[in-house]
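K.L.:
Sequence and predicted structure are below.
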Amino acid sequence: MRKLLTVGAFLLGAAQAQSSQGATLTVITHDSFDVDKKLVAGFEQANNVHVRFVKGGDAGEMLSRLILTRRAPIADVVYGLDNSMLARARQADLLTPYKSPNLAKVPAADRLDDAGLLNTVDTGIVALNYDRAYFQKAGLALPKTLDDLKRPQYAGLTVIASPATSSPGLAFLLATVNHYGEPGAWTWWREARANGLKLTRGWSDSYNKEFSRNGGKYPIVLSYASSPAAEVFYADGYDAAKLPAQAPTGNLFLPGSTYRQLEGVGILKGAKQPALARKFVDFMLSGPVQADFPTRMWVYPAASGVKLDPVFKFAQEPGVPAVKPEITANPQRLVDAWVTNVLRR
């Protein structure tokens, strides 16, 4: 009996020690995720938890990884899946519904899912950017349509992240299908590739390596309408009170090239820490985090009433055509068709 009591006391002590150290909450994100470490530390302290972040590649790569590991989930929470990927995540039965009370601050039109599979954290507009200095030096007029990008004078000037592995790439694909229809979109993609359109694995490769502004050779890049604001913000000597007349990059809002992206956070099925996962979803929609995101990831906060840095005057918000429901219903089918009709032709 004494031996049993001793063993019991040992196990109780071990459990208490483990409890005092707190649980671990694993959050998988796309590679561009960034949030103030002090905010994360505050969440950890308030909830007696250690948050472990796992970078999952670009959002498309991350989704594929989550689908492959869905029987043995590699995280509790996922951030960075968007409205172009929700249908595939739903079909794969990846997510557990949870509607954060903080969704009350998000306009109804920007809520990703009525069931709460994904709670909208931020919004952005996928758009083509251009390097002003390149076009000024070359004396080349800016293209006015997507078809212009197939013309000889724009040969080899554009870089885009692949729709098969990148969320902005997929968004751009959906925009072109919405604009041209499927046969017309496949024709545009084939002819643009024949004219030197470069495809990369993800946004980081396109923007940070291949874009002429950052040392690459392509002066047109698929990015976001807020990217020119980021260029100003990160320039030497940035002063919000003394903004320049224009950003070094600009947006090309060519018809059929823009897409309104809604990024969300959700709880993975089989999460080991479901209660803490729900708290983290609430955290991502909290006021401090919503205010922190814009000048870190260059997106718009989903919650209404968040004050933005003055530099966001360079982040244009054009009218974006609504995408037909049949296009967003099964984006993976369109990716497969793109591979067949563009890459393999």
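P.N.:
Cool, the structure landed.

K.L.:
Mind jotting down where the helices sit in this protein?
P.N.:
Along the chain, counting by DSSP state H, helices occupy 2-21, 37-47, 59-68, 86-91, 132-138, 167-180, 182-194, 203-204, 227-233, 274-284, 287-292, 294-297, 325-329, 331-338.

K.L.:
Pick the most deeply packed of those.
P.N.:
helix 167-180 (a mean of 25; mean count of other CB atoms under 10 Å). Just so you know, the C-beta spots here come from the backbone N, C-alpha and C atoms, and that holds for glycine as well.

K.L.:
relative to helix 331-338, how tilted is that one?
P.N.:
If you take axes from the mean of the first three to the mean of the last three CA atoms, to 10 degrees, helix 167-180 sits at 80 degrees to helix 331-338.

K.L.:
Any chance you could list what contacts helix 167-180?
P.N.:
With contact meaning CB atoms under 8 Å, 6 or more residues apart in numbering, helix 167-180 is reached by 30, 58-60, 80, 82, 84-85, 126, 146, 160-164, 185, 187-189, 199, 202-203, 222-224, 255-259, 261, 321, 323-324, 327-328, 331, 334-335, 338.

K.L.:
how about the closest residue to residue 24 other than its chain neighbours, what does it touch?
P.N.:
Excluding the flanking residues, the one nearest residue 24 by CB to CB, 6 or more residues apart in numbering is residue 50, at 4.8 Å. Neighbour list for residue 50: 21-25, 44 [criterion: CB under 8 Å, 6+ apart].

K.L.:
And those, which two are furthest apart?
P.N.:
The span of these, defined through CB to CB, is set by 21 and 25 at 13.2 Å.

K.L.:
quick one, what contacts the closest residue to residue 290 other than its chain neighbours?
P.N.:
Excluding its sequence neighbours, the residue lying closest to residue 290 (CB to CB, 6+ apart) is residue 301, at 4.0 Å. Going by CB under 8 Å, 6+ apart, residue 301 touches 121-122, 290-291, 293-294.

K.L.:
go with 10 Å
P.N.:
Residue 301 is in contact with 105-106, 120-123, 285, 287, 289-294, 307-308, counting by CB atoms under 10 Å, 6 or more residues apart in numbering.

K.L.:
from the contacts of residue 50, which single one is nearest residue 240?
P.N.:
The shortest approach to residue 240 among the contacts of residue 50 belongs to residue 44, at 30.7 Å (CB to CB).

K.L.:
what residue lies at the spatial centre of the protein?
P.N.:
residue 80 (5.0 Å; CA atoms, centre = their mean).

K.L.:
ok, the closest residue to it other than its chain neighbours to residue 261 distance?
P.N.:
With sequence-adjacent residues excluded and distances taken as CB to CB, 6+ apart, residue 80 is closest to residue 30, at 3.7 Å. In this view, residue 30 and residue 261 are 12 Å apart by CB to CB, to the nearest Å.

K.L.:
what sits in contact with each of those two?
P.N.:
Listed as contacting both residue 30 and residue 261 by CB under 10 Å, 6+ apart are 59, 82, 167.

K.L.:
I'd like to know how far the residue lying closest to the last one once chain neighbours are set aside sits from residue 201.
P.N.:
In space, not counting the residues next to it along the chain, residue 167 is nearest to residue 59; the distance is 3.6 Å by CB to CB, 6+ apart. Taking CB to CB as the measure, residue 59 falls 12 Å from residue 201.
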